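# have a look at this prediction, sequence included:
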Amino acid sequence: MIAFEEVTVRFGATSALDDVSLQVRPGELCALVGPSGSGKTTLLRLVNRLVTPHAGRVLVRGEDISRADGPALRRSIGYAMQSVGLFPHRTVAQNIATVPRMLGWDGTRIARRVAELLALLGLDAALADRLPRALSGGQAQRVGIARALAADPDILLMDEPFGAVDPITRRGLRAELRRIHAETRKTILLVTHDPEEALELGTHVVVLREGRIVADGSPAAIIGPGGDGFARDLLGGGQPALRRLSLLPATEALQPAPPPPGAPELPAAASLADALSVMAETGCDCLAVAGHSGSLPIAAVLRGGR
Amino acid sequence: MTAAPALAAALAAAALLLPLPWLAIAPNRLLPGEAVTAVSALGWLVLPPCLLFGVAALRRVPPLAAAAAAMAAVLLLLVLTGLAASQRLQDLSPAARAGLGIGLWLALVSGLLLAALRLADATLRDRLLLAFVMLATLAAAAAAGAFDGLSLAVEYRNRAEAVKAALLRHLALAASALILALVVAAPLAWAGFRRPRLAGPVGAAFAGMQVVPGLALFALLIPLLSALLHALPVLREFGLAAIGAAPAVIATAAYLTLPLWRGLSAGLAAADPAAVAAAQAIGMGEARITREVRLPLALPVFAAGLRVALVQAIGLVTLGGLVGAGGLGALVFEGLAQFATDLMLLGAIPIVLLALVADALARMAETRLAVPA
Ligand SMILES: Nc1ncnc2c1ncn2[C@@H]1O[C@H](COP(=O)(O)OP(=O)(O)O)[C@@H](O)[C@H]1O
Ligand SMILES: [Mg+2]
């Protein structure tokens, strides 16, 4: 869906990206993480040609975008960012309708789409006629995401979209994004500097450092024992193996033998870290899993961490 | 600060009660008159207005009622004085005039000041409403002939057509100057916005303009324009002349460029950079960003600059009376030259009223334009 081929970007003397190659497949939620200044935003802005590479090529939907019309390309790709940038003189509904209006949709279709998006993002329909000033930080972020999604783009670029909200709202928005991704199967590039967010949301995690990609793979693989040291330090929070267990579903380590009588039962959606937590709490070294006939012995849980 | 209304009320009352000239009864429009005090002109009727001024200064009286009381006192004084003047003139020759004395002016100004002070915190709507009621009552009293005895009214009756024409001319000159200044300031503000390096020198040039004294600039333009017309006689075909409207409009416009340019520049810079960045990122082109984001966000800020320029234009165009441009300034300067105070006032009062009305209307437009909080 999106491919970077040996891309280099320079701003004056500083090199923001250095010979970067990356493939993002359709439907992936690719999380870009890295310290500040590592080139995440630049990588994102290459996709809709807000930044042009000095060397290399960027392909979107299989086509080299260097010859594409910038504004038209941008209208076909959703973009949401930390500073949101809602238009202060336009209502929530008008903000959301910006791209559909530019694309010439008719009034009824736009109204229908706005209502749909307010519902998708869990925003009260009564907010439609408010001005951005009258929104809370979390609501404004949601409206920004709704505006990015308005014309139903197949690609969505998000630059720290939850950066400016409190941790509780942030958790809510994160769950929302996961649901939207699951429901719409859009290709999403998400820049974040929150390791937990990257591991929790990403189906594909890319770690950048000083303009280069140092790790690129599934969340569990990146912090697994064979992963890059910098990436494991950045994402592992000092306990990469525990983090990894929290990313793996408990059912993956299920053994065919039935659980011992009276074994505590895990919910079906639990992770291996949840299993370990229940074991530590109850002192039992073998668990049952709801809806499954097998058992979960401690040895199998620990094998998952490696 | 709270003492200010009391002071204004005391001044108004003093103007009424002290032996100051209230009316000047003169044999004709040019000779100085014989002074009559308020007490001798109005008798015991000086008391009701005094009482109203006192009420208006009381802190316990709600502001709107207080302002209304002060305005009622002013209106009452005008009407009573008008009637008293008619009476005094009854037995004199038709050329005799009843001029307004310093005491009356002092009472009017302090009375209006008192109303304004009490209205300081009122909403724009209330203020406009009160001003409207005041003007309507004044117009009704004038139509009923209440002021027919006053010299100013006689002067107006004799010159009504000329005053109306001068008013329209004044407005046309001010509007032309405003448009000319806008035509100069707008592209330069845009250029300065695109290339910030230009903003400094342009701003300095416009600010430099302000240092030149108004009268000097109006006078200076006459030889400059005649030199230009001498060099390029074609310009005469376009109606340009060294004397008349051209120097007045050009000189006034020169002063208006600074507030307009400042308002435009501040307005363009007022757009939230995040909103502009977002507009670009979701596929708006430059022209559309300017049209749909920068300009709407600039408008409320720009409106403030436009208001300042508008009020300045109405004031500055007055000097056009000196370079043959006509307008209300011509009446003022003619009155000055003849020592005819009433004629001077006939020009000056509409200028002040025009400026006040323009300011109020522009403020209303500004609040309408501002993004509601
Ligand atoms: N428009 C720009 N002009 C100059 N330097 C820039 C610009 N954008 C980014 N940079 C530089 O490029 C590098 C990468 O920036 P960025 O992609 O914004 O990093 P991140 O999003 O990971 O914090 C930084 O050194 C930054 O200073
Ligand atoms: Mg960034």
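Cool, got the structure. Ligands and ions are numbered 1, 2, ... in the order given.
# strands of the chain, residue ranges please.
No chain specified, so I'll use chain A. Ranges of strands within chain A are A:2-11, A:14-24, A:29-33, A:55-60, A:63-64, A:77-81, A:155-159, A:187-191, A:204-209, A:212-217, A:265-266, A:286-289, A:295-297, based on DSSP state E.
# meant chain B, my bad for not saying
If DSSP E is used as the criterion, the strands of chain B fall at B:21-26, B:34-37, B:97-100.
# in the stretch 51-200 of chain B, what residue is nearest ligand 1?
Among the residues of the stretch 51-200 of chain B, residue B:196 lies closest to ligand 1, at 16.3 Å counting by CB to the nearest ligand atom. Just so you know, the C-beta spots here come from the backbone N, C-alpha and C atoms, and that holds for glycine as well.
# distance-wise, check the nearest residue to residue A:252 once chain neighbours are set aside relative to ligand 1.
In space, residue A:252 comes closest to residue A:304 once its chain neighbours are excluded; the distance is 6.6 Å by CB to CB, 6 or more residues apart in numbering or on different chains. As defined by CB to the nearest ligand atom, to the nearest Å, residue A:304 lies at a distance of 32 Å from ligand 1.
# gap between residue A:304 and chain B?
Going from residue A:304 to chain B by CB to the nearest CB, to the nearest Å gives 41 Å.
# got the domain ranges for the chain?
Since you didn't name a chain, this refers to chain A. Split into domains by automatic domain parsing, chain A comes to A:2-242, A:249-304.
# I was thinking of chain B, sorry if that wasn't clear
B:3-154, B:160-369.
# what about the first one, start to end distance?
The first residue of domain B:3-154 is 39 Å away from its last residue (CA to CA, to the nearest Å).
# per-residue confidence averaged over it?
Looking at domain B:3-154 alone, the average pLDDT works out to 89.
# before we move on, back to that, make a markdown table out of the strands of chain B and add mean neighbour count and distance to residue A:291.
Rendered in a markdown table, the data for the strands of chain B read as follows (neighbours: other CB atoms under 10 Å in any protein chain shown; distance: least, CB to CB, whole Å):
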| stretch | mean neighbour count | distance to residue A:291 |
| --- | --- | --- |
| strand B:21-26 | 22 | 102 |
| strand B:34-37 | 17 | 106 |
| strand B:97-100 | 24 | 99 |
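# which residues touch the residue in the stretch 201-350 of chain B that chain A sits nearest to?
For the stretch 201-350 of chain B and chain A, the shortest gap (CB to the nearest CB) falls at residue B:278, measuring 2.9 Å. Applying CB atoms under 8 Å, 6 or more residues apart in numbering or on different chains, one finds that residue B:278 lies in contact with A:79, A:81, A:83, A:84, A:85, A:86, A:87, A:144, A:147.
# could you say which of the domains of chain A is packed most deeply?
Across the domains of chain A, averaging neighbours per residue (mean count of other CB atoms under 10 Å in any protein chain shown) puts domain A:2-242 on top, at a mean of 19.
# is that one in proximity to ligand 1?
Yes. With CB under 6 Å from any ligand atom as the criterion, ligand 1 is reached by domain A:2-242 at A:11, A:14, A:16, A:34, A:36, A:37, A:38, A:39, A:40, A:41, A:42.
# restricted to helices, list those residues.
A:40, A:41, A:42 (DSSP state H).
# circling back: so which of the contacts of residue B:278 comes closest to chain B?
Looking at the contacts of residue B:278 and their distance to chain B, the nearest is residue A:85, at 2.9 Å (CB to the nearest CB).
# quick one: name the residues of chain A near chain B.
Proximity of chain A to chain B (CB under 8 Å from any CB of the partner chain) is limited to residues A:45, A:48, A:50, A:71-76, A:78-79, A:81, A:83-89, A:98-99, A:102, A:131, A:133, A:144, A:147-148.
# what separates residue B:49 from chain A, distance-wise?
Taking CB to the nearest CB, one finds residue B:49 at 48 Å from chain A.
# ok, longest helix in the chain?
Just so you know, I chose chain A. helix A:167-184.
# if you could check chain B rather than the one you did, that'd help
In chain B, ranked by residue count with DSSP H as the criterion, the top helix is helix B:151-194.
# what's that one packed up against?
strand B:97-100, helix B:196-211, helix B:245-270, helix B:295-316, helix B:328-338, helix B:341-369 (3 or more CB pairs under 8 Å, 6 or more residues apart in numbering or on different chains; DSSP states H and E).
# so residue B:259 sits against residue B:303, correct?
No. Contact between residue B:259 and residue B:303 fails when scored by CB atoms under 8 Å: they sit 11.6 Å apart.
# got the residue ranges for the helices in the stretch 201-306 of chain A?
Ranges of helices within the stretch 201-306 of chain A are A:219-222, A:229-236, A:240-247, A:272-282, A:298-304, based on DSSP state H, counting those that start in this stretch.
# want to try CSV for those helices, with distance to residue B:353 as columns?
Converted to CSV, the helices of the stretch 201-306 of chain A look like this (distance: least, CB to CB, whole Å):
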stretch, distance to residue B:353
helix A:219-222, 74
helix A:229-236, 71
helix A:240-247, 76
helix A:272-282, 80
helix A:298-304, 86
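# kindly export stretch A:254-271 (C-alpha atoms) in PDB.
Coordinates of the C-alpha atoms in stretch A:254-271 are reproduced here as PDB (Å, rounded to 0.1, in the frame of the first residue of the first chain):
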ATOM      1  CA  LEU A 254      -2.900 -23.800  25.600                       C
ATOM      2  CA  GLN A 255      -1.900 -27.500  26.200                       C
ATOM      3  CA  PRO A 256      -4.200 -30.400  25.300                       C
ATOM      4  CA  ALA A 257      -4.200 -32.000  28.800                       C
ATOM      5  CA  PRO A 258      -7.300 -31.000  30.800                       C
ATOM      6  CA  PRO A 259      -6.800 -28.600  33.700                       C
ATOM      7  CA  PRO A 260      -6.600 -30.000  37.300                       C
ATOM      8  CA  PRO A 261      -9.900 -29.900  39.200                       C
ATOM      9  CA  GLY A 262     -10.500 -26.500  40.900                       C
ATOM     10  CA  ALA A 263      -8.000 -24.700  38.600                       C
ATOM     11  CA  PRO A 264      -8.700 -20.900  38.400                       C
ATOM     12  CA  GLU A 265     -10.300 -20.000  35.000                       C
ATOM     13  CA  LEU A 266      -9.000 -17.200  32.700                       C
ATOM     14  CA  PRO A 267     -11.300 -15.200  30.400                       C
ATOM     15  CA  ALA A 268     -10.900 -16.300  26.800                       C
ATOM     16  CA  ALA A 269      -9.400 -12.900  25.700                       C
ATOM     17  CA  ALA A 270      -6.700 -12.900  28.500                       C
ATOM     18  CA  SER A 271      -3.000 -12.500  27.600                       C
END
